[in-house]
Every structure is written in C-alpha cells, then in structure tokens.
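Participant: A predicted structure for the sequence below; I have some questions about it.
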Amino acid sequence: MQWILGIALAAAVFVILKQWGALTAEKKKAAIWKIVLVVGGALLVFMVLTGRVHVLTAAVAAVIPLLRKLPALLKYAPAISRLFGAGGSEGARADNPFGRRQDSGVPATDRMSVREACDILGVDEDCPEQDIVMAHRRLMQKLHPDRGGNDYLAAKLNEAKQVLLARRET
C-alpha cells in the first residue's frame, strides 16, 4: 500500500515540476501566492480539526490575505464618507434645511425642560446647586462612555446639568 502512495506522490511531483517549468516569471509569482495560500489554508484547517488552533484564531488568519486588497479599497473611502454624510460640510452650511444645531445634531427647538432635567438627574426642582452637581457626578460615574455607558446618556446628563444650573443663574 505504501509503495502505491509513493508512486502517486512521485508522479504528482513530476507533473507539477513539468508545468512549473513552462510558466513565465509573472505567472510563477502568481502561482507561488496561490500555493502559499492553499498550503497555509490546508495547514490551518488541519490544525483546527486536530484541536491545535482555536476557530477564532483560524478566522483571523483567514482574513489576513484579504488585507492585501485594503489599499485598493481605501481609494473609495472619500466616496463612502460623502455617501453616509460624514464629510462634515453638510452640518456647517448656513442654509441647513433641518434647523439642527451643529454641536449635538438635536433640533434647536427641542430644548430640555426643567422638569425633564430634574427627572434625569433625580433631583427636585428647588434643590441646591451642590445637589445638582453631586447627582450629575454620581450618574456620570455610572454612565460615562469610558465606563460602559454611551455617548447619548452622557450627553443627556450634561444637558440636564446645564439646564438646571442655567436656571439657577437667571
């Protein structure tokens, strides 16, 4: 049985070397990349199946060859940015048809009420300034984006504090 496998392997090597000699230098370079990817992929599959490599590690290794295409895709980044409105020039126009403020993207007429600000911070309307600051600090420690919260909640907390403190000043 082993001699049959040996003959088959020798025949395969002979055919591959014969075809390799007929290739041009440019085709040899492309063939080398294909061989490296096929052998690497086969090795990766073998290692996953035998339990030597975790499946997520194999997935990352499979994505690495795709990174060669990344520079070609980056030339489309400005078009994609304009498509999704991340260019920045749309919000800076003076004739903004949506009446939005440039800083938060919230319509200028949707100002937070004092009652809503009190509900967000969990304070009374007639509480002292120190209670507003302490309530804001306590909630911000829980809801800050760096601590697992999100930008929206942090912005609402900041706006509630500003509304209540501005009401105190007037």
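Facilitator: All right, it came through fine.

Participant: ok, then the element right after the helix or strand hosting Leu70?
Facilitator: Using DSSP states H and E, Leu70 sits in helix 70-74. Later in the chain than helix 70-74, the nearest helix or strand by DSSP H and E is helix 77-83.

Participant: which residues of the protein score low on pLDDT?
Facilitator: Within the chain, the stretches with pLDDT under 70 are 85-110, 170.

Participant: quick one, strands of it?
Facilitator: For the chain, applying DSSP state E gives no strands.

Participant: Which residue ranges make up each domain of it?
Facilitator: 2-75, 114-169 (automatic domain parsing).

Participant: what distance separates the first one from the centre of its chain?
Facilitator: The chain centre lies 30 Å from the centre of domain 2-75; the measure is Cα atoms, centre = their mean, to the nearest Å.

Participant: ends of it, how far apart?
Facilitator: 54 Å (Cα to Cα, to the nearest Å).

Participant: just checking, what packs against the longest helix anywhere in the chain?
Facilitator: Secondary structure assigned by DSSP state H gives helix 25-49 as the longest helix of the chain. For helix 25-49, the packing partners by 3 or more Cβ pairs under 8 Å, 6 or more residues apart in numbering; DSSP states H and E come out as helix 55-63. For the C-beta atoms, the positions are set from N, CA and C on the backbone; glycine is no exception.

Participant: how far off helix 25-49 does the helix it packs on point, in degrees?
Facilitator: 170 degrees (axes from the mean of the first three to the mean of the last three Cα atoms, to 10 degrees).

Participant: For helix 55-63, buried residues please.
Facilitator: Across helix 55-63, burial judged by 16 or more other Cβ atoms under 10 Å covers Ala61.

Participant: Most tightly packed of the domains of the chain?
Facilitator: Highest mean neighbour count among the domains of the chain (mean count of other Cβ atoms under 10 Å): domain 114-169, with a mean of 14.
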